[in-house]
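Enquirer: show me how the following folds:
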Amino acid sequence: MKPLLVLASSSPFRRMLMDNAGLTFETRAASIDERAIEAALADDATPDNVAMELARAKALDVSRDLQGALVLGSDQTMSLGERVYHKPKDLDEAKRHLLSLSENTHRLNSAIALAQDDRIIWEHVSHAELTVRPLSESFVERYIQRCGDKLLGSVGAYQLEGEGIQLFSEIRGDYFTILGLPLLPLLGKLRELGAIDG
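Expert: Residues are numbered from 1 along each chain as shown. Model (predicted):
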C-alpha cells in the first residue's frame, strides 16, 4: 500500500504543479515562524541553508501528526550575491526589489524535504539563475500599477508565468525550480520510495 502523500503548504502554485503531474496528495499548511528559523541560523544563513531549513521545518511540523505519511516541505529563497530577499511587504518595497535586480543575475534556490514519522528521509536543492534586463524607474512604476498586490506573493515581486516574463533577458534553470517545486528530482524519489507508480 502506498503511503499518503501530503504537501505541507497552502501555495496554490505548488498544489497546481503537483496536480498537473498527476499526483494524489493532501495539503496541510505548516505552522512555523519562518523569520525565527532564519534568525537561528545566524552565520549559517546562506540562501541555500535558509531554504532547506524552512523546507525541513515545514515537513517536520506536519509530519508529527501524520503517522506513516510522506510529507513534502518546500521553500524558496531568492538571492543576489549573499543578499537574501523576502516577499515584499508592500508595493514600495516591491519597487525597490525590482530596481535592485535591474541589470543583475539573481538566483532562485528551491529546497524540498520529505519527512516521514517525524524525521527527514530525503532533501534536495535546485537552482535557477535569472538575468533582469535594464529597468527604468518609470517602467517599474507602470509594471507595479498594472500588476498590483499580486506581486506581493512573489519573493522577487514578479510572476514569471505572467507579465513578469517581460523583465528578463535570460533564464537558466527549469520551470519547476523557478516556481518553487523541483518536480523532476521529487518524482524520481517518490518512484524510488514506491509512493507513486514507477
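
Enquirer: all helices of this structure, in order?
Expert: For the chain, the helices defined by DSSP state H occupy 12-20, 34-41, 47-63, 91-101, 137-147, 175-178, 183-192.

Enquirer: tally of neighbours for His124?
Expert: 18 (other Cβ atoms under 10 Å). Every C-beta, even on glycine, is put in place using the N, C-alpha and C of the backbone.

Enquirer: what's the angle between the strand ranked longest in the chain and helix 183-192?
Expert: As assigned by DSSP state E, the longest strand anywhere in the chain is strand 119-132. Interaxial angle, strand 119-132 versus helix 183-192 (axes from the mean of the first three to the mean of the last three Cα atoms, to 10 degrees): 160 degrees.

Enquirer: rank the helices of the chain by pLDDT, which is bottom?
Expert: Lowest mean pLDDT of those: helix 34-41, a mean of 87.

Enquirer: helices and strands around it, which ones?
Expert: helix 47-63 (3 or more Cβ pairs under 8 Å, 6 or more residues apart in numbering; DSSP states H and E).

Enquirer: and the helix it packs on, what does it pack against?
Expert: helix 34-41, strand 70-80, strand 105-116, strand 119-132.

Enquirer: how many neighbouring residues does Ile196 have?
Expert: 19.

Enquirer: typo on my end, it should be Pro47
Expert: 24.

Enquirer: residues touching it, list them.
Expert: Thr77, Met78, Ser79, Glu82, Val84, Arg107, Asn109 (Cβ atoms under 8 Å, 6 or more residues apart in numbering).

Enquirer: give me every residue that touches the closest residue to it other than its chain neighbours.
Expert: Once flanking residues are discounted, Pro47 sits nearest to Ser79: 3.7 Å by Cβ to Cβ, 6 or more residues apart in numbering. For Ser79, the contacting residues are Pro47, Tyr85, His106, Arg107, Asn109, by Cβ under 8 Å, 6+ apart.

Enquirer: which one of the residues you listed is nearest Pro185?
Expert: The nearest member of the contacts of Ser79 to Pro185, counting by Cβ to Cβ, is Asn109 at 14.0 Å.

Enquirer: show me what the closest one bridges to in the sheet.
Expert: Thr77, His127 (DSSP bridges).

Enquirer: alright, calling it a day.
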